[in-house]
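J.: Predicted model follows, preceded by the sequence.
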Amino acid sequence: MNLLELNDISKIYGNVKALNRIDLTVEQGEWLAIMGPSGSGKTTMMNIIGCMDKPTSGTVLLDGINISTENSKSLTAIRRDKIGLIFQQFHLINYLTAVENVMVAQYYHSMPSEKEALEALERVGLLGRAKHLPSQLSGGEQQRVCIARALINYPRLILADEPTGNLDELNENIVLDIFKQLHRDGSTIIVVTHDPEVAEDAQRTVVLEHGLITKIKENERRGLS
Amino acid sequence: MKKRTMYFRMVTSSLVRRRSRMVIALLAIVIGATILSGLVTIYYDIPRQMGQEFRAYGANLIIIPSGSERLNDGQIDAAAEFLPDGDTVGVTPYRYETIKINEQPFMIAGTDLAEARKTSPYWFVAGEWPRAGGEALIGQEVAERIRLAEGSGFTVTGTDSKGESISRDFTVSGIVQTGGTEEAFVFTSREDLDELMGDSGRIDVVECSVSASGTELEEIAARIEANVADASSRLVKRVTQSEGAVLTKLQSLIWLVTIIVLLLTMICVATTMMAVVTERRKEIGLKKALGAADRSIVNEFLGEGLLLGVLGGVLGVALGFAFAQTISMHVFVRSISFQPALIPVTLAVSVLITGLACLIPVRRATEVDPAIVLRGE
């Protein structure tokens, strides 16, 4: 069953075609990597899939909803209910502790629960750092808090933008292990990355160049190692 | 955990853990609230403070007979009942008669000299005020016309109330200089004049010096007029109108300064909050990316602003009173009375000003694009 369908979508900024008639489907439970050089349209695609932008033409179906025609208020609600975002720069709120950062996502979604937030931190191995501020955490730890925050509302789709881009090898492996576990648990994951090693862990890699999909590759490791 | 608890945790954490930036906004609010609270305290206390100062200019209320009969002590006592106890500086009765000194006609006034000293503190007396019977103050003009000096003796002649000739010796205890009509008068005690002229207890005018506003004085005058038979009460317009004019100008000035300070406070808070919004664009974008509705963003920023307003207001009330007290002690050399009603007023104005100052920054916050978090800006 398809969780996400991009049908003939284009995004045009002035004279620039950031995305040019893209077709892509992502199945429920699939782990997909999107690769491509700078300016290839990766971020534009992330914005559209993440309900933060709309295509100039074409349709995007997320969990059966045509998000290309929704207004900004509805897109906010869809993003809140169905998508978990993970960022390269972590984007934790610097005046809130790790557990409070996780609870912020609950606060906007439904009802904050410290117990559930602590359980989410435990899943990423950070229970002992729950009361620390972001400035007291390493980069790898901040990214794990970001992952816990993305998971807390049980999203239908996890959207990760260069999740290991700012991490050393050790922390990169920790984060990828968490992704593998999430995949095993049935989560649908889309990762945008420059790193072929990270892309190799996904089931499929889509390569974007100049707004076009130039290659779709089935990976050997298939996200289950 | 309730949403409200999380909301307060987010708002307070933002203020407490990012205090370096917020301290500037708080300082602006505290200064604004201090000026507001302090100046309004002075505004309400100025009539009382200045009223005392204005009493140096003499009587501001007079009581005169409404008919052909002179006033008597019973009427004066009845009128005094309507004067405010703590704020009545002096009540001075005067009896005027025509007499002759060295065959020249003069007016002599018999009065309560101790009270006259209170109601006419601007009189300059060269010499002493009369202390015993047979002593008199003479005006500068009288002294020049009959060449009298302090300690000189003079004889008053004339006819008493029954038409019989009188004659009495007085000693000049002092010479009065006022620059006004008083310089053409001889002043002695009522007892001496009553004894000289007979028909004691007759009063032509009573001068009252009362520390009260123009409106209060008008009410007092109306009550005396209505309740004391054959007596008429009037304000000394020259004094009360200039008092009123000075007070109105002072109070207008205070309002003007207060409004300007509050506007400056609002601009300072708005500028700081605008800087805060710019500084926190990524955080706002993140919150929107996590699914925060515009209303949530507005509530959080307004919450921070209003909490600052309350904090600034509380500090402003305390500092404002200290500020007003310091000014009062330096300018009027008197302590000032605390106005409890100013607590809610200062808090409400602080919150209102902060709320208004936050409107534009908060609107700017809702315009932040959530995609900012994916662009790595």
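T.: In hand now; what should we look at? Keep in mind the model is a prediction, meaning the values are calculated, not measured. Residues are numbered from 1 along each chain as shown, chains lettered A, B, ... in the order given.

J.: In the chain, where is pLDDT below threshold?
T.: Using chain A here. Scanning chain A for pLDDT under 70 picks out A:221-225.

J.: wrong one, I was asking about chain B
T.: Judged by pLDDT under 70, the stretches of chain B that qualify are B:1, B:373-377.

J.: which residues of it fall in helices?
T.: Taking DSSP state H as the criterion, chain B carries its helices at B:3-17, B:19-54, B:73-80, B:113-119, B:140-145, B:190-197, B:214-227, B:237-279, B:281-289, B:294-331, B:342-366, B:372-375.

J.: what are the bridge partners for the residue most central in space within chain A, then?
T.: Centroid-nearest residue in chain A: A:L159, 1.3 Å away (criterion: CA atoms, centre = their mean). Using DSSP bridges, the bridge partners assigned to A:L159 are A:L85, A:I190.

J.: how about it, what does it touch?
T.: A:L159 sits next to A:46, A:49-50, A:83-86, A:190 when contact means CB atoms under 8 Å, 6 or more residues apart in numbering or on different chains. Yep, even glycine has a C-beta here, placed from its N, CA and C like the rest.

J.: quick one: B:D87 and B:S233, what's the gap?
T.: Going from B:D87 to B:S233 by CB to CB, to the nearest Å gives 16 Å.

J.: For the residue of chain B found nearest chain A, list the residues it contacts.
T.: Nearest residue of chain B to chain A (CB to the nearest CB) works out as B:G291 at 2.4 Å. B:G291 sits next to A:76-77, A:79-81, A:105, A:108-109 when contact means CB under 8 Å, 6+ apart.

J.: So which of those reach chain B?
T.: Taking CB under 8 Å from any CB of the partner chain, the overlap between these and the neighbourhood of chain B is A:76-77, A:79-81, A:105, A:108-109.

J.: mind putting the contacts of A:L159 in CSV, neighbour count included?
T.: Output for the contacts of A:L159, formatted as CSV (neighbours: other CB atoms under 10 Å in any protein chain shown):
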residue, neighbour count
A:M46, 22
A:I49, 23
A:G50, 27
A:I83, 24
A:G84, 27
A:L85, 26
A:I86, 24
A:I190, 25
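
J.: from the residues you listed, which single one is nearest B:M22?
T.: For the contacts of A:L159, the minimum distance to B:M22 (CB to CB) is 28.1 Å, reached by A:L85.

J.: hey, which helix is longest across chain A?
T.: Taking DSSP H as the criterion, chain A has its longest helix at helix A:169-184.

J.: circling back: are any of the ones next to chain B among the contacts of B:G291 buried, and which?
T.: Among the ones next to chain B among the contacts of B:G291, those classed as buried by 16 or more other CB atoms under 10 Å in any protein chain shown are A:76, A:79-81, A:105, A:108-109.

J.: Out of those residues, which two sit at the greatest distance?
T.: Largest separation among those by CB to CB: A:T76 and A:A105, giving 13.3 Å.

J.: Looking at chain A, what residue ends up closest to chain B?
T.: Minimum separation of chain A from chain B (CB to the nearest CB) falls at A:R80, amounting to 2.4 Å.

J.: coming back round to it: comparing B:D87 and B:S233, which residue is more hemmed in?
T.: Taking other CB atoms under 10 Å in any protein chain shown, B:D87 and B:S233 do not tie; B:S233 has more neighbours (24 against 16).

J.: about what we covered before: tell me the spacing between the residue of chain B closest to chain A and A:Y107.
T.: 10 Å.

J.: Likewise for B:E300?
T.: The gap separating B:E300 from A:Y107 is 10 Å, by CB to CB.

J.: so what sits against both of these two?
T.: Common neighbours of B:E300 and A:Y107, counting by CB under 8 Å, 6+ apart, are B:7, B:10.

J.: closest to B:I62 among the ones next to chain B among the contacts of B:G291?
T.: Taking CB to CB as the measure, A:Y108 is the one of the ones next to chain B among the contacts of B:G291 closest to B:I62, at 75.4 Å.

J.: pull the CA atoms of the longest helix of chain A into CSV?
T.: The C-alpha coordinates for helix A:169-184 follow below in CSV (Å, rounded to 0.1, in the frame of the first residue of the first chain):
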residue,chain,number,x,y,z
GLU,A,169,31.4,8.1,12.6
LEU,A,170,30.5,6.7,16.0
ASN,A,171,27.4,8.8,16.4
GLU,A,172,26.5,8.2,12.7
ASN,A,173,26.4,4.5,13.4
ILE,A,174,24.3,5.0,16.5
VAL,A,175,21.7,7.0,14.6
LEU,A,176,21.7,4.6,11.7
ASP,A,177,21.1,1.7,14.1
ILE,A,178,18.1,3.6,15.5
PHE,A,179,16.8,4.0,11.9
LYS,A,180,17.2,0.3,11.3
GLN,A,181,15.3,-0.5,14.4
LEU,A,182,12.6,1.9,13.4
HIS,A,183,12.4,0.3,10.0
ARG,A,184,12.2,-3.1,11.6
